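Student: below are the sequence and a predicted model for it; my questions follow.
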Amino acid sequence: AGSQDLPIANILRLWLGESNLETSLETTENNRIIENITILETQIDDLNPQVIGYLFELLFKVGALDVFTQPIGMKKSRPGILLTVICPPNKALICEEIIFQETTTLGIRYRSQQRSILGREIKTVETIYGKVRVKIARQGNKIINIQPEYEDVAKLAQEHQKPLRIIHQLALISIEN
């Protein structure tokens, strides 16, 4: 606060904060949605393979968008895996921490990229066997893809002892009605 007596308040207020957005999204002129992502990669050749499923669960739990492995050949002709984690930039450090904690890797590579994504909405449809969530992907107002949620379809298929593909088809038919 200043010491002069002015007709308006003689004070400066500054607010500091952080964005809590998971990702930074930008919509372009042709209705494309652009998202900033971080890609973490590491090669591993000395890890018990049973750890991989557990690692996936931890990474998805903290906000990874995708996690996958690929088989690779490493030095001394050893088989190994390439672990790739795609995450929002603000989740990269926690994903790194988990990778170092749960694997035997000694180093992780980072890349920042942009990706184009479709807008999505989830609708619940009623089939003769029960409710199924259906993901509808759009580019602008145009529907690009419709996909029933696997977990819902699988649950109903098991409960009613019906083929998964039948429940899947019924969900697709129900979305049109």
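Tutor: That came in fine, so what should we check first?
Student: just want the phi and psi numbers for residue 162.
Tutor: Backbone torsions for residue 162, taken as degrees, to the nearest 10, come to phi -120, psi 150.
Student: tell me what the top strand by length along the chain is packed against?
Tutor: The single longest strand within the chain, with elements called by DSSP state E, is strand 33-44. Judged by 3 or more Cβ pairs under 8 Å, 6 or more residues apart in numbering; DSSP states H and E, strand 33-44 is in contact with strand 25-27, strand 79-87, helix 92-102, strand 109-117. Backbone N, C-alpha and C define where each C-beta goes, glycine included.
Student: that one pairs with which strands, parallel or anti?
Tutor: strand 25-27 (antiparallel), strand 79-87 (antiparallel), strand 109-117 (antiparallel) (DSSP bridges).
Student: any idea which of these is most buried?
Tutor: strand 79-87 (a mean of 19; mean count of other Cβ atoms under 10 Å).
Student: CA atoms of it as PDB?
Tutor: Provided in PDB are the C-alpha atoms of strand 79-87 (Å, rounded to 0.1, in the frame of the first residue of the first chain):
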ATOM      1  CA  PRO A  79      15.000 -59.300 -25.100                       C
ATOM      2  CA  GLY A  80      13.400 -56.400 -23.400                       C
ATOM      3  CA  ILE A  81      10.500 -54.000 -23.500                       C
ATOM      4  CA  LEU A  82      10.000 -50.400 -24.500                       C
ATOM      5  CA  LEU A  83       7.700 -48.800 -22.000                       C
ATOM      6  CA  THR A  84       5.800 -45.800 -23.300                       C
ATOM      7  CA  VAL A  85       3.600 -43.500 -21.200                       C
ATOM      8  CA  ILE A  86       1.500 -40.700 -22.700                       C
ATOM      9  CA  CYS A  87       0.300 -38.200 -20.100                       C
END
